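1. build me a structure from this.
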Amino acid sequence: MSVIRLETKRVEKPWGRHDLWPGFENAPEDGPAIGEVWFQAPKGVGEDDPELLIKYLFTSERLSVQVHPDDADARARGYERGKSEAWQILHADPHATIAIGTVKPMTKDELRASAEDGSIVQDLDWKTVQAGQFWYSPSGTVHAIGPGLVLIEVQQNVDLTYRLYDYGSDRELHLKDGVAVSDPVPYVAPFQPYDLTAGRRILSAEGAFVTERWTQPVSGTLAATHDRPVWLVPLGGEGRFGDETVAPGGVWLADGDVTFALPEGADLLLAYPGGAVNVALAG
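-> Prediction:
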């Protein structure tokens, strides 16, 4: 393949919603809420474990306080990779928040104690967010996502989450492992976004993956490869990649050279593995 549309997997969550987002069928009101939509290659297509995973999240309640390990910690526990992630905010209710980092530096003993007695909620730095914002959360960052949000999550592809606190629910916590991999300090963005060219903005290029946003008309050849595929996540308008018309609500994966054209009004998020910007992408 050169470019393929990924299939969706709807994931039920207690904190999810029934009204989702344009491009997605709403969940029946008398059925379970949908919290996530995952985008995965069709069965039988591709044999490798992809390095990245793209999700849409729809929140009506606070998610648990979580942390993810880095690559070294994850591999020491038998996993292929750790988990850094990024969030592109599509919609935010008034006063919607995410928690990212702690209000002040904490020791690991202090973090564990605050998770055990629930004061961790006050120890987190809850930031008001708005549509259009982009946040990069590296592994080790203590974080939580609040209600009233629709966002796209770009993450390293691994099911490895340590839950530190869940507001008194009966779900399992992972205090030993979670505290061990946490870096409980105030959040400082590890990367400052910048414009590579007019309409091509580098949002993150730290560690495991690069994210870009293209917002002006452009055409050329996307120089993706099997070893460094590119995930295409349309945010607005329509574009053309090979024989595929890309539009919001879908995600496409390119793993070879493919010609493309983005007209006026197109808005595209791209993600690809590795911490170095591939300046040949829009050649």
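
2. next, count neighbours for G274.
-> By the criterion of other Cβ atoms under 10 Å, G274 has 14 neighbours. Where you see a C-beta, it was placed from the backbone N, CA and C, and this is true even at glycine.

3. any idea how far it is from L63?
-> 28 Å (Cβ to Cβ, to the nearest Å).

4. cool, N26 as well?
-> The value you get for N26 to L63, if Cβ to Cβ is used, is 21 Å.

5. same deal with R75?
-> Taking Cβ to Cβ, one finds R75 at 26 Å from L63.

6. between those two, who's got more neighbours?
-> Between R75 and L63, counting by other Cβ under 10 Å, L63 is the more crowded of the two (23 against 13).

7. what does the pLDDT read for the more buried one?
-> As predicted, L63 sits at a pLDDT of 97.

8. without its sequence neighbours, what residue ends up closest to it?
-> In space, and not counting its chain neighbours, L63 is closest to I145: 4.5 Å by Cβ to Cβ, 6 or more residues apart in numbering.

9. isn't the one you found right up against I98?
-> Yes. Counting by Cβ atoms under 8 Å, I145 does reach I98; the two are 5.3 Å apart.

10. joint contacts of those two?
-> W87 (Cβ atoms under 8 Å, 6 or more residues apart in numbering).

11. show me the shaky parts of the chain.
-> Scanning the chain for pLDDT under 70 picks out 1, 44-47, 279-283.

12. which is the next helix or strand following the lengthiest helix in it?
-> Counting residues, the longest helix found in the chain (DSSP state H) is helix 108-117. The first helix or strand that comes after helix 108-117 along the chain, using DSSP states H and E, is helix 120-123.

13. for the very next helix or strand once past that following helix, packing partners?
-> Per DSSP H and E, the first helix or strand lying C-terminal to helix 120-123 is strand 124-128. Strand 124-128 sits against strand 97-102, with contacts defined as 3 or more Cβ pairs under 8 Å, 6 or more residues apart in numbering; DSSP states H and E.

14. now do the strand it packs on: distance to the chain's middle.
-> 15 Å (Cα atoms, centre = their mean, to the nearest Å).

15. export only the CA atoms of it, formatted as PDB.
-> Only the C-alpha atoms of strand 97-102 are listed here, as PDB (Å, rounded to 0.1, in the frame of the first residue of the first chain):
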ATOM      1  CA  THR A  97      -9.500  21.600  31.800                       C
ATOM      2  CA  ILE A  98      -6.700  19.100  31.600                       C
ATOM      3  CA  ALA A  99      -4.300  18.400  34.400                       C
ATOM      4  CA  ILE A 100      -0.700  18.200  33.300                       C
ATOM      5  CA  GLY A 101       2.200  18.200  35.800                       C
ATOM      6  CA  THR A 102       2.000  19.100  39.400                       C
END
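
16. what's next to that strand, contact-wise?
-> With contact meaning Cβ under 8 Å, 6+ apart, strand 97-102 is reached by 65, 87, 111, 123-129, 135, 137, 141-146, 149, 184-188.
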